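Engineer: what follows is a predicted protein model with its sequence.
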Amino acid sequence: MRKNPERLAWTVLLTAFAIFCALAVSLPLGVRAYVRSTTSAQMTRLTPINGIIRILEPGTEEPIAVTGTKNDVPEGARIIADATSGAFLTFFDDSKLRLYENTQIILKTCRAPRFSRGNKPNTIKIGLESGRVRIGVAPAIARPVYFEVQTPHAVIHLQEGSYSIQVSGEETRIAVVQLGQATVSALGQTVTLKQNERATVAAGQSPVGPLPKLSNVIVNGDFQQPLDIGWLKYDYKDVPEEASGQVEVIVDETRRAARFTRQGGNIYHGETGIQQMIELDVRDFSYLELRLDVRLLEQSLSGCGYRSSECPVIVLLDYKDAHNNDRQWHYGFYYQNKDNLPVWEAELIPQNVWYPYESGNLMELLRDVRPAYLTSIRIYASGWDYQSMVSNIELLAEE
């Protein structure tokens, strides 16, 4: 028999009480910590713009081809656009990513708190392995947003705003297009970029920046001033009896835009647009890129017409080459082609969505017929009945 059973009983009782108190405290705290810290993976919606997008999902060996909207692209998926394809990605927090041609990304993290009382931010991490993207980070309404882009050369943290990022084998380039703030880190060094600033990160090097934005040779491209500042309006129609077109500056989703409108059941050609004289010698320039936002609301003519020359928005650059020959570069946008007409030098984009377009470096794309002297730029709607808008027009140049 034990010499002091009362002492043993008290020891057992006090030990049990201590365990009870520990559980009474730790279990609620553990549940609270679990509720606050647990996250769940979120799906991403992918909408191809043109061509075929390939997706390699986690746990699979062969990519699948996607030609229509896919609402359930999972975390960990690799998305591949070839030389003829592009896509929109819409994340669970309504942030958006425009995937350009010859681009490859990985959806590394797409997570939100599992419970409403969670204290973690909405988290999106993208691996941009090659190519070019345009990213719009959504405002933090319900909870904070953490948006990160990882490239072979840098890690980039983005706040609410609009950004352009391009990755090649040699470097990463990032520019803050609208609003926002970007933090670019590499090799233990960090630079912070604000609107109209950019940075480059070469392979094995620290970030260089902030650099000033490329020079914009367009006047009043955001239409903050009256339309007659920098621009000339014009309207043309083949048949005098048909309706005329109109162009006006309106406010759409907090942005100012030029809207082209022609309605009334027209069945003959019309053209409504704006023109700006540039008159700039660019023969010593190494970089020239057109950027603008496009929104297509209505088009009655299929595609861009039988000659692919009547899109609801067309941008046309008049210039002279190094041999003083008059030349033109043009690009169009349309949202439907129900008659399956042949289309070239134009892009199929979603209807009623603000679509960011970036031409890439025209000096490289046009090569032997690259501009030496910029004469003018025209932006117009063409066809039968149409309603479309353009905003944030920039022609960026660098010597």
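Structural biologist: Noted; the coordinates are in hand. Numbers count the residues shown, from 1 in each chain.

Engineer: okay, and the nearest residue to residue 330 once chain neighbours are set aside sits in which element?
Structural biologist: Closest residue to residue 330 in three dimensions, ignoring its sequence neighbours and counting by C-beta to C-beta, 6 or more residues apart in numbering: residue 316, at 4.2 Å. Heads up, the C-betas are built off the backbone N, CA and C, glycines and all. With secondary structure defined by DSSP states H and E, residue 316 is part of strand 313-320.

Engineer: just give me the neighbour total for the nearest residue to residue 38 once chain neighbours are set aside.
Structural biologist: The shortest distance from residue 38 to any non-neighbouring residue, by C-beta to C-beta, 6+ apart, is to residue 114 (4.5 Å). Each residue near residue 114 was counted by other C-beta atoms under 10 Å, and the total is 16.

Engineer: same thing with the one 5 residues further on?
Structural biologist: Per other C-beta under 10 Å, the neighbour tally for residue 119 reads 12.

Engineer: separation between it and residue 138?
Structural biologist: Here residue 119 is placed at a distance of 19 Å from residue 138 (C-beta to C-beta, to the nearest Å).

Engineer: could you do residue 278 as well?
Structural biologist: Residue 278 sits at a distance of 35 Å from residue 138 (criterion: C-beta to C-beta).

Engineer: pull out the buried positions in the helix or strand hosting residue 40.
Structural biologist: In this structure, residue 40 sits in strand 39-41 according to DSSP H and E. Using 16 or more other C-beta atoms under 10 Å as the test for burial, strand 39-41 gives residue 39.

Engineer: what does residue 364 show for phi and psi?
Structural biologist: Recorded main-chain torsions at residue 364 are phi -90, psi -40, according to degrees, to the nearest 10.

Engineer: contacts only, for it.
Structural biologist: Shown here is residue 364, whose contacts under the criterion C-beta atoms under 8 Å, 6 or more residues apart in numbering are residue 370.

Engineer: quick one, grab the pLDDT at it.
Structural biologist: Predicted confidence (pLDDT) at residue 364: the value is 93.

Engineer: now do residue 251
Structural biologist: The predicted local distance difference test score for residue 251 is 95.

Engineer: once you drop chain neighbours, what's closest to it?
Structural biologist: Computed as C-beta to C-beta, 6+ apart, the closest residue to residue 251 that is not its neighbour in sequence is residue 257, at 7.7 Å.

Engineer: list the contacts for the one you found?
Structural biologist: 223, 249-251, 293, 295, 389-391.

Engineer: looking at those residues, which is nearest residue 160?
Structural biologist: When the contacts of residue 257 are compared for distance to residue 160 (C-beta to C-beta), residue 293 wins out at 17.1 Å.

Engineer: for this structure, which residues score under the pLDDT cut-off?
Structural biologist: Flagging of the chain using pLDDT under 70 yields the residue ranges 1-4, 23-37, 115-118, 399.

Engineer: how much space is there between the spatially most central residue of it and residue 56?
Structural biologist: The structure's the chain has its C-alpha centroid closest to residue 134; by C-alpha atoms, centre = their mean the separation is 3.0 Å. Shown here: residue 134 relative to residue 56, a distance of 23 Å by C-beta to C-beta.

Engineer: before we move on, what about residue 183?
Structural biologist: Separation of residue 183 from residue 56 (C-beta to C-beta) stands at 30 Å.

Engineer: now residue 39
Structural biologist: In this view, residue 39 and residue 56 are 23 Å apart by C-beta to C-beta.

Engineer: beta partners for the residue nearest to residue 252 when sequence neighbours are not counted?
Structural biologist: Nearest in space to residue 252, with sequence neighbours left out and distances taken as C-beta to C-beta, 6+ apart, is residue 389 at 6.2 Å. Residue 389 has these beta-bridge partners by DSSP bridges: residue 259, residue 295.

Engineer: for burial, what's the neighbour tally of residue 389?
Structural biologist: Burial of residue 389 is recorded as 23 neighbouring residues (other C-beta under 10 Å).

Engineer: please apply the same query to residue 110.
Structural biologist: Using other C-beta under 10 Å, the number of residues around residue 110 comes to 26.

Engineer: now it: which helix or strand?
Structural biologist: Under DSSP H and E, the secondary-structure element containing residue 110 is strand 103-113.

Engineer: and that strand, what does it pack against?
Structural biologist: In terms of contact count using 3 or more C-beta pairs under 8 Å, 6 or more residues apart in numbering; DSSP states H and E, strand 103-113 is assigned the packing partners strand 39-41, strand 78-81, strand 122-137.

Engineer: show me how this protein divides into domains.
Structural biologist: Structural domains annotated on the chain: 39-213, 232-398, as defined by automatic domain parsing.
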